[in-house]
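*Asks:* okay, sequence plus prediction incoming.
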Amino acid sequence: MPHTSHKKRGLPKKRQEVLDDEGWTRVTSSHTTPRAPVPSTSADGSEIVFTWTFDGPQVTKTCGSAIRPMKPLPGTTLQSMQTQYTRIATRWLESEMYHSLKDILTRRILTSEKMTKCVLFGSGSLCGDELHWLDRHESAYYQLAAFKSVVEVIKQAQGERPRCYAQEPYYNTLDTDLLATLEITAVTHPQGFELLDTGSFAYSPAAELEVEYQIMSLSPRIWLHRSLDHLHTKAPSASDKFTKEESDLNLRMTEDFTTHHEHARLPDLPLKNFPFHGSVIWWPAEQQDPS
Ligand SMILES: C[S@@+](CC[C@H](N)C(=O)[O-])C[C@H]1O[C@@H](n2cnc3c(N)ncnc32)[C@H](O)[C@@H]1O
């Protein structure tokens, strides 16, 4: 069984429930708005800008690049990728972890709010030729299958499929084509972040710090990620990429997020390279099962 938090709390002060035009309940949070206009790339366009705010002040960090497609491994075709995806998705759907995730979603999370958008962040390329020190291709397929399975659970629960997107600087044309066969649109930074709101699901497997902070600041309705314990650090170290003020803001934002969210740790799935290592799902505290 997954480890779950059982904190019962009332509606946090700064979150408000509103009814939209179609009669679905939405939750708004004053921490997440307004979004300050920030350029999405550095002045020379070579790097991308991450940004997040909490209670006014804003952090911006420049690093990486929005698009750096990896060349596909020689011999890769769309058909070979589809075969690989089908094989791995079948295994994923048979796993205890999937069944546990589905159970938490349907019993505790998917209640009255309509989910309109799902965004996968940073799966890595599914066929890129740069292996670094580990071959993570299979991990990327597993993560994609997990993302797609959550979309299907949401669709079953509400009778309507949310729109689906994936953002990853390494995606090449074959990656984009495979995603399209699964009705997932590849987007580039910062579009994925701009899609996030209180009617969205975000999945960020093994995300970098900037990606996780930017997602957190946007409060997606459901966030499949990991524990946030590593972000509960008080003092920035000499090697830290954040100033003291930025670290304070990051810590306050993390504390606010964990205070106002429920979470459940999913059972580990012992696969090569651990694509789901330490997965934790987060959702707003006020939406928990009354039982
Ligand atoms: C630590 S790797 C994890 C990759 C993969 N999920 C895994 O488990 O092996 C982080 C990934 O995030 C991607 N990334 C970097 N910036 C991003 C952005 N702005 N949006 C989405 N993904 C990003 C990187 O290219 C990289 O593939």
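*Replies:* The structure has been received and is ready for your questions.

*Asks:* do you have the strands of the stretch 101-250 of the chain handy? List them.
*Replies:* 117-121, 163-167, 185-187, 200-203, 222-226 (DSSP state E, counting those that start in this stretch).

*Asks:* so which of the ones you listed is the most packed in?
*Replies:* The highest mean neighbour count among these, using mean count of other C-beta atoms under 10 Å, belongs to strand 200-203: a mean of 26. Heads up, the C-betas are built off the backbone N, CA and C, glycines and all.

*Asks:* show me what contacts His137?
*Replies:* By C-beta atoms under 8 Å, 6 or more residues apart in numbering, His137 lies in contact with 124-128.

*Asks:* hmm, 10 Å instead?
*Replies:* 73, 76, 81, 84, 88, 124-128, 131, 273 (C-beta atoms under 10 Å, 6 or more residues apart in numbering).

*Asks:* restricted to buried residues, select those residues in ChimeraX.
*Replies:* Burial among those is assessed by 16 or more other C-beta atoms under 10 Å; the matching ChimeraX selection reads:
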select :73,76,81,84,88,124,125,126,127,128
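
*Asks:* distance to the ligand and mean pLDDT added to the strands of the stretch 101-250 of the chain, as TSV?
*Replies:* Formatted as TSV, those follow (distance: least, C-beta to the nearest ligand atom, whole Å; pLDDT from 0 to 100):
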stretch	distance to the ligand	mean pLDDT
strand 117-121	4	98
strand 163-167	4	98
strand 185-187	9	98
strand 200-203	9	98
strand 222-226	11	98
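
*Asks:* now do the closest residue to Pro169 other than its chain neighbours, the pLDDT please.
*Replies:* Closest residue in space to Pro169, ignoring its immediate chain neighbours: Arg68 at 4.9 Å, by C-beta to C-beta, 6 or more residues apart in numbering. With respect to pLDDT, Arg68 has a value of 90.

*Asks:* same check, this time on Met1
*Replies:* At Met1, pLDDT is 42.

*Asks:* ok, now Thr32?
*Replies:* At Thr32, pLDDT is 47.
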